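Enquirer: heads up, no residue letters with this:
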């Protein structure tokens, strides 16, 4: 039960922060003489998938860090 209450509180805080972020940006954009392109404000659908070579390089870098 306490875990559910904690999750509900976190959810409400996240909702509040999202609304505060939106209100702040609406006010800031209203003061702009020129709006940025809408594309710059939108998120991308999906990030590019890493190749196996990129993933291998990341593992090698982590291994080098852990070996120190």
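Expert: All right, it came through fine. Because the structure is predicted, anything quoted here is derived from the model rather than measured. Residues are numbered from 1 along each chain as shown.
Enquirer: Quick one: name whatever helix or strand follows the worst-scoring helix or strand of the chain on mean pLDDT.
Expert: Using mean pLDDT, DSSP states H and E, the weakest-scoring helix or strand in the chain turns out to be helix 38-41, at a mean of 87. Remark: after helix 38-41, the chain's next helix or strand is helix 52-67, criterion DSSP states H and E.
Enquirer: Report the central residue of the protein.
Expert: Centre of the chain computed as the mean C-alpha position; nearest residue by C-alpha atoms, centre = their mean is residue 43, 9.5 Å away.
Enquirer: For it, grab phi and psi.
Expert: phi -80, psi 160 (degrees, to the nearest 10).
Enquirer: How about the contacts made by it?
Expert: Taking C-beta atoms under 8 Å, 6 or more residues apart in numbering, we find residue 43 in contact with no residue. For every residue, glycine as well, the C-beta is placed using N, CA and C.
Enquirer: Tell me which other helices or strands the least confident helix or strand of the chain touches.
Expert: With contacts defined as 3 or more C-beta pairs under 8 Å, 6 or more residues apart in numbering; DSSP states H and E, helix 38-41 has no helix or strand neighbours.
Enquirer: I'd like the numbering to begin with 56 instead of 1 from here.
Expert: Shifting the count to begin at 56 puts that one at helix 93-96.
Enquirer: what does the model give the residue nearest to the centre of the chain for pLDDT?
Expert: pLDDT, residue 98: 82.
Enquirer: do the one 5 residues further on as well
Expert: Reading off the confidence values, residue 103 has pLDDT 84.
Enquirer: Roughly how far does it sit from residue 117?
Expert: 20 Å (C-beta to C-beta, to the nearest Å).
Enquirer: When those two are compared, which one has more neighbours?
Expert: A direct count of neighbours by other C-beta atoms under 10 Å for residue 103 and residue 117 places residue 117 higher, at 10 against 7.
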